[in-house]
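# sequence first, predicted model second:
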There are 2 protein chains.
Amino acid sequence: MECVSVELASRAYPIHIGPGLLDRVDLIRPYLKQARVAVVCNTTVAALYLGRFAASLRAAGIAVVEIVLPDGEAYKNWETLNLVFDTLLRERCERSTTLIALGGGVIGDMTGFAAACYQRGTPFIQIPTTLLSQVDSSVGGKTAINHPAGKNMIGAFYQPRLVLADTDVLKSLPDRELRSGLVEVIKYGLIRDLAFFEWLEENVERVLARDTAALEYAIGLSCRHKAEVVAADEHEHGERALLNLGHTFGHAIETGMGYGEWLHGEAVAAGTMMAAELSRMRGWLGVDEVARIERLFVRAGVPVKGPAMATGKYVELMRHDKKVQDGRLRLILLRRIGEAVIDDASSVVQIAEAIDIRIG
Amino acid sequence: MECVSVELASRAYPIHIGPGLLDRVDLIRPYLKQARVAVVCNTTVAALYLGRFAASLRAAGIAVVEIVLPDGEAYKNWETLNLVFDTLLRERCERSTTLIALGGGVIGDMTGFAAACYQRGTPFIQIPTTLLSQVDSSVGGKTAINHPAGKNMIGAFYQPRLVLADTDVLKSLPDRELRSGLVEVIKYGLIRDLAFFEWLEENVERVLARDTAALEYAIGLSCRHKAEVVAADEHEHGERALLNLGHTFGHAIETGMGYGEWLHGEAVAAGTMMAAELSRMRGWLGVDEVARIERLFVRAGVPVKGPAMATGKYVELMRHDKKVQDGRLRLILLRRIGEAVIDDASSVVQIAEAIDIRIG
């Protein structure tokens, strides 16, 4: 079992990574303020794991309120969030009742935001069940719901007390979701760790085969990278923006196609290729490096081109992104593989050209 | 002009108190991260002050998005909050656009919560236009919306950058609202400042006549008291609970009667009398002290008895309150005038008896 400590000004919290963690109530117990929790998950995860998880909590004398939401990014909205609040209030959950997110990024984001808002803040524990949520949303405290006009527009920075990333749970993850999650793993190599990128070039098939040791290594290192960045910049004023490599393009794809059509990692992969092309046009990446990134994404089985939306639509949607400051598009580009840079000097014409190259 | 500094672990911010502050764009300007603000207010306040306020901002080169909401506690809900988000997104407000709340407690709470959530946090300035919001919600960063099952159930702790409390604006405040706000002023005397309580016994009519000097003194001292308590306990783990004198009873009145029927201060006044009776039953207040509190409330023109709801309904609604911990009712009582105490040893029978005495 790996353990990564996320060190924040306000609070430190541990991420445990390894097999069999779903049954480790002993790891959860010390963090509860009362012997009562509300577990939030979706129908898919509930069918697989909720019964077993709730049973081990109850066996340890912990009362469990179960909240099962519909599955999918399309439900990451206020209406679904309100189902959580309705249940918490009906069951008289208190300010000291811990909310546990058992699920992927959507469940983590929504449960975290519910915990941030319910009675102005209740304790929160995350048990991410997808690769994406284990390496991304489990670190950093970003919680949110979507708005029809933009992804993650309504949310809060709110840190969990504890994260359990169970590698066994990934065995039931659909292949497409595993591949999508792998994009964020590759991202850490791209933005800050050439050696990790090279390790992935050697081990990508082991990760895809869900080899426990490979997963534990890749997840642990990803969390460690994210924890370092977040600790230096909890509220995203500077360095943390580097984590958004490919995301401004990617959000445009997700929003433009309707939430849920493209998986997050798929959109980020195509978006990262757009960012790579722009980095090449800015004179930073060579043609060979762009091709090298593309090769790894192809082996990971994710798109290296975006959907056929009008270029103007891409740019329009990107302007809505949170990374806009004083109307300028602020993008994350690559100086080289292993080093990212914040850039707001690219012209709209250059951005459009990079998108054009990578429209499928 | 008075100035109170609220000193918090995360950030300090000033509250300016005095006449003519609504026109002092020079006080606002240094806090803006970009020359653009969104001003949120309700139809009533908009008719009186929005044109003038927006004009002085624009004259200083600051772009203004105006967001006017329906008036009343009944609108302090998700649907109305979403109108704010819709406009912010449509107008492409950014993470560095400052939200300004121009209005009473409902506008302050909603705008603050909108600022806490919009893009996970935008800067926030408060210009409270009622006595209640000037002495209460302007200090402490409590923001929220209501849920059908309970008041302020969904919210966040989120601090403003600056508060401007203009005493001139109170001249247009309806008498009933001024009286309601005065209840929270009296509360500070009751929970921690006998001398202030005595000053109010001498000056309550001057405050009701909206004498500028009396208002400035009463508001300044109230803010100073609240700032001291909040600085010691930003997230309401301990001492801050003392500010809730009369509020658990009062929330039951507000919820039971439907939001907006009873003004907040009116419900708190009746609730404070219930807390005073319970304090007497616990052997802390004398009959004469209960009567002395009642006399000041009567001069302030606020209710000293609650509405004729069944006692069981009161208790039931109080159980839903956030101050419940492990199922016990935690109430704020008075050891004497000028000293409050947190109490969780009152039995439900005693609580019901105190309510009974004060049902009108």
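Received, thanks. Residues are numbered from 1 along each chain as shown, chains lettered A, B, ... in the order given.
# strands of the stretch 251-360 of chain A, residue ranges please.
Shown for the stretch 251-360 of chain A, the strands assigned by DSSP state E, counting those that start in this stretch span residues A:331-336, A:339-343.
# other SSEs contacting the shortest one?
If I follow you right, that is strand A:339-343. Packing contacts for strand A:339-343, counted by 3 or more C-beta pairs under 8 Å, 6 or more residues apart in numbering or on different chains; DSSP states H and E, involve helix A:175-192, strand A:331-336. C-beta coordinates here come from the backbone N, C-alpha and C atoms, glycine included.
# show me where pLDDT drops low in chain A?
Along chain A, segments meeting pLDDT under 70 span A:10, A:259-260, A:321-327.
# from the centre of it, point out the most distant residue.
Taking C-alpha atoms, centre = their mean, the residue of chain A most remote from its mean C-alpha position is A:G61, at 32.1 Å.
# tell me the secondary structure of A:C41, please.
With DSSP: H, G, I helix; E, B strand; the rest coil as the basis, A:C41 sits in strand.
# ok, A:V4 to B:L50 distance?
50 Å (C-beta to C-beta, to the nearest Å).
# out of those two, which sits in the busier spot?
A count of neighbours by other C-beta atoms under 10 Å in any protein chain shown puts A:V4 above the other of A:V4 and B:L50, at 24 against 21.
# hang on, the more buried one in a strand?
Yes. Under three-state DSSP, A:V4 sits within a strand.
# tell me which parts of the stretch 51-200 of chain A are close to chain B?
Residues of the stretch 51-200 of chain A lying close to chain B (C-beta under 8 Å from any C-beta of the partner chain) are A:78, A:82, A:85-86, A:89-90, A:92, A:94-96, A:116-121, A:142-144, A:147, A:149-150, A:152-157.
# in terms of helix, strand or coil, where does the closest residue to A:G141 other than its chain neighbours fall?
What sits nearest to A:G141 in space, not counting adjacent residues and going by C-beta to C-beta, 6 or more residues apart in numbering or on different chains, is A:Q159, at 4.1 Å. Following three-state DSSP, we place A:Q159 in the coil state.
# tell me the backbone dihedrals of A:K142, please.
phi -80, psi 120 (degrees, to the nearest 10).
# wait, what's in contact with it?
A:109, A:112, A:152, A:155, A:157, B:120 (C-beta atoms under 8 Å, 6 or more residues apart in numbering or on different chains).
# who does it bridge with?
A:F157 (DSSP bridges).
# where's A:W199 relative to A:D193, distance?
Separation of A:W199 from A:D193 (C-beta to C-beta) stands at 9 Å.
# I meant A:D168, not that one.
For A:D168, the distance to A:D193 (C-beta to C-beta) stands at 26 Å.
# which of the two has more residues huddled nearby?
Neighbour count, other C-beta under 10 Å: between A:D168 and A:D193, A:D193 has more, with 19 against 15.
# please give me every residue in contact with the more buried one.
A:221, A:225, A:338.
# which of the three states applies to the first one?
Put plainly, it is A:L221. Taking three-state DSSP, the label given to A:L221 is helix.
# so it touches A:Y188, yeah?
Yes. Counting by C-beta atoms under 8 Å, A:L221 touches A:Y188, with 7.1 Å between them.
# which residues do the two both contact?
Between them, A:L221 and A:Y188 share the contacting residues A:F196, judged by C-beta under 8 Å, 6+ apart.
# so these two - more neighbours on which side?
A:Y188 (25 against 22).
# separation between the more buried one and chain B?
Here the criterion is C-beta to the nearest C-beta, to the nearest Å. By it, A:Y188 lies 22 Å from chain B.
# who touches that residue in this structure?
A:135, A:196, A:221-222, A:225-226.
# between those residues, which sits nearest chain B?
Minimum distance to chain B across the contacts of A:Y188 is 16.6 Å, recorded for A:K226 (C-beta to the nearest C-beta).
# okay, now that closest one: neighbour count?
For A:K226, using other C-beta under 10 Å, the count is 25.
# also A:E205?
Neighbour number of A:E205 under other C-beta under 10 Å is 11.
# what of the one 4 residues further on?
Look at A:A209: counted by other C-beta under 10 Å, it has 11 neighbours.
# please report phi then psi for whichever residue of the stretch 101-250 of chain A sits closest to chain B.
Nearest residue of the stretch 101-250 of chain A to chain B: A:A149, at 4.1 Å (C-beta to the nearest C-beta). A:A149 has phi and psi values of phi -90, psi 0 when expressed as degrees, to the nearest 10.
# list the contacts of the closest residue to it other than its chain neighbours.
Nearest non-adjacent residue to A:A149, counting by C-beta to C-beta, 6+ apart: B:L89, 4.1 Å away. Going by C-beta under 8 Å, 6+ apart, B:L89 touches A:147, A:149-150, A:153, A:320.
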